[in-house]
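# Give me a model of this one.
(one chain, ligands or ions: 2)
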Amino acid sequence: MPDAVVVEGNGTAVTETHSTAARGDSGPETARLVASRVLDVPDFPKPGVLFKDLMPLFADGAAFREVIDGIVAHHGRDSFDAVVGIEARGFVVAAAIAYATGVGVVPVRKAGKLPRPAYSASYALEYGEATLEVHEDAFTAGHRVLVVDDVLATGGTAAATLDLVERAGGTVTGFTVLMELAFLGGRERLAPRPVHALLTV
Ligand SMILES: O=P(O)(O)OC[C@H]1O[C@H](OP(=O)(O)OP(=O)(O)O)[C@H](O)[C@@H]1O
Ligand SMILES: Nc1ncnc2[nH]cnc12
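Ligands and ions are numbered 1, 2, ... in the order given. Presented below is the predicted three-dimensional model:
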């Protein structure tokens, strides 16, 4: 398989990268699976950003199920009482884990979307700034929370979310992303919290 395949879609050139030496915290096979279903989109949403589009992974039922089962196996199905998904792509991952394990989902949303009193945290990410919120009553004391998202880049989004969960009374027991952009330093920023990334590039 070539290292890069150029795909033309909707008039936009995108590059699909198949890493022959894929690595991640659930082993090379899982890392290869994720890598084979990520599309690299140059200059989105801004010039100079190489956007990692995981929609092909979400769209492949067998691959998506394998990834979700792998995340649950890594943490242990009894290790969390709730799963937090970060808007918007994290919602897809969180809902699937919640369904697979029978726990509930708590959405962490962009500012102004939650209807009741909420904690807020502002942060910078690779291509801008944003504010995230969680309902103040989202957790009861001691609630064990697994936090999930699609991509870890600078770690701004994740750091804000972990802070929000703890302000709202939850205890973060795990953090998983499908893909980590290691050169942006998110893992170091979150240290000493452990990061579980299925694919690290
Ligand atoms: O580590 P960081 O530099 O903070 O970047 C990672 C975040 O960026 C993307 O979200 P985005 O804010 O683009 O939201 P979306 O899922 O709604 O597209 C991605 O889904 C992560 O949440
Ligand atoms: N390069 C990137 N691709 C996808 N999501 C991101 N979030 C932050 N940087 C990103």
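# Residue 60: neighbouring residues, count only.
For residue 60, the count of nearby residues is 15 (other CB atoms under 10 Å). In this view, the C-beta of every residue, glycine as well, is placed from N, C-alpha and C.
# repeat for the one 4 residues further on
With neighbours defined by other CB under 10 Å, the count for residue 64 comes to 20.
# So it, which state does it fall into?
helix (DSSP: H, G, I helix; E, B strand; the rest coil).
# need the contact list for it.
57-58, 96 (CB atoms under 8 Å, 6 or more residues apart in numbering).
# List just the nearest of those residues to ligand 2.
residue 57 (12.4 Å; CB to the nearest ligand atom).
# What about that closest one, how many residues nearby?
With other CB under 10 Å as criterion, residue 57 counts 25.
# In space, what's closest to it - neighbours in sequence excluded?
Nearest in space to residue 57, with sequence neighbours left out and distances taken as CB to CB, 6 or more residues apart in numbering, is residue 37 at 3.9 Å.
# returning to what we had before: output the contacts of residue 64 as CSV; include the columns pLDDT and secondary structure.
Listed next are those as CSV, based on pLDDT from 0 to 100; DSSP: H, G, I helix; E, B strand; the rest coil:
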residue, pLDDT, secondary structure
57, 98, helix
58, 98, helix
96, 98, helix
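# closest to residue 68 among the residues you listed?
When the contacts of residue 64 are compared for distance to residue 68 (CB to CB), residue 96 wins out at 4.6 Å.
# Kindly list the main-chain dihedrals of residue 83?
phi -120, psi 130 (degrees, to the nearest 10).
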